[in-house]
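1. quick one, what's the 3D model for this:
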Amino acid sequence: MDENTDSLRKLLRASTRITVFTGAGISTESGIPDFRSPNGIWSKMKPIEFEDFVSSEEIRKEAWRRKIIIDNDMKDAAPNLGHRAVAALVRSGKCRTVITQNIDGLHQISGIAAEQIVELHGNGTYATCLSCNVKYDLKPILDAFSRNEQLPVCSQCGGIIKTATISFGQSMPVKEMERAKLAALNCDLFLVLGSSLVVYPAAAFPGLAKRNGAALVIINRDPTDQDPVADLVLHREIGETLSSALGVC
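-> Predicted coordinates for the structure are as follows:
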């Protein structure tokens, strides 16, 4: 174990109230493509604005076409060593909250209870009605759309159905933002895993935790703007690094 990994191990052992914050980097290790990197999804297609999705049937069809493609790319994805290490940290009782920018549901699949996960950008594994919030399974929606591009309509109120993700131009979820803020304020260690920390307001939480007295650790492949204020920075693979520090596999 090298010096930096040993420093991480000591911080993890000394902390009793850890908040984990995960970004796309933890899931790229499961083969899920990044959205914002130079070769990511948004470099190949322009993001769809929420207002356009609501106002245009054709744009809604394009959104569902993309959903089919993205889901096909993600269909074999499973929790990796990093997800399992985070789950082990939760099971230990040291971590009560995992804040994630990801929409893939892999933290839940890894065994973390849904109530301990704060999904800032929603969840792409199901859909909801924009009017009455009824939840829908994606399979029948995608099956119907694949046959004749039939747009889903809410069976309860006739409203527009959309994947349960936060789109560009869509308001951030108030409840989740408040939960994330409380988790940042109440931790003694804020652990960032695989986030470039460029998407605000989510990227403000590490600084909030640091200003409130928590130690800040960033594990990310590339440098971030918040590296200078962190107590420990490791530009490494998340799974191998975190599992080594925790002594899990």
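2. how close does R221 sit to S171?
-> 30 Å (CB to CB, to the nearest Å). No exception for glycine: its C-beta is placed from N, CA and C like everyone else's.
3. got the contact list for the closest residue to K94 other than its chain neighbours?
-> Nearest in space to K94, with sequence neighbours left out and distances taken as CB to CB, 6 or more residues apart in numbering, is I18 at 5.0 Å. By CB atoms under 8 Å, 6 or more residues apart in numbering, the residues touching I18 are L12, L89, K94, C95, C187, D188, L189, F190, L191.
4. contacts for stretch 223-233?
-> Contacts to stretch 223-233, defined as CB under 8 Å, 6+ apart, come from residues 4, 7-8, 11, 192, 195-198, 203, 206-207, 210, 215-220, 235.
5. filter the residues you listed down to the buried ones.
-> 4, 7-8, 11, 192, 195-197, 203, 206, 210, 215-220 (16 or more other CB atoms under 10 Å).
6. mind checking the longest strand of the protein?
-> Criterion DSSP state E: the longest strand present in the chain is strand 122-129.
7. relative to it, what are the paired strands and their orientations?
-> Sheet pairing for strand 122-129, assigned by DSSP bridges, gives strand 135-136 (antiparallel), strand 161-165 (antiparallel).
8. and these, which is most packed in?
-> Comparing these by mean neighbour count (mean count of other CB atoms under 10 Å), strand 161-165 ranks first with a mean of 21.
9. kindly export it (C-alpha atoms) in PDB.
-> The C-alpha trace of strand 161-165 is given here as PDB (Å, rounded to 0.1, in the frame of the first residue of the first chain):
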ATOM      1  CA  ILE A 161     -44.400  10.500 -19.400                       C
ATOM      2  CA  LYS A 162     -40.700  11.000 -19.200                       C
ATOM      3  CA  THR A 163     -37.800   9.000 -17.900                       C
ATOM      4  CA  ALA A 164     -37.300   9.900 -14.200                       C
ATOM      5  CA  THR A 165     -34.100  11.900 -14.900                       C
END
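10. contacts for it?
-> Here strand 161-165 has contacts from 53, 63, 67, 103, 121-130, 135-136, 138, 141, 151-154, using CB under 8 Å, 6+ apart.
11. tell me who's in contact with the most centrally placed residue in the chain.
-> In the chain, the residue lying closest to the centroid (CA atoms, centre = their mean) is N102, at 1.9 Å. By CB under 8 Å, 6+ apart, the contact set of N102 is T22, G23, A24, I26, S27, E119, H121.
12. so S27 is in contact with A77, correct?
-> Yes: counting by CB atoms under 8 Å, A77 is a contact partner of S27 at 7.3 Å.
13. what is the helix ranked longest in the chain packed up against?
-> Longest helix of the chain, by residue count under DSSP state H: helix 57-74. Judged by 3 or more CB pairs under 8 Å, 6 or more residues apart in numbering; DSSP states H and E, helix 57-74 is in contact with helix 50-55, strand 122-129, helix 138-148, strand 161-165.
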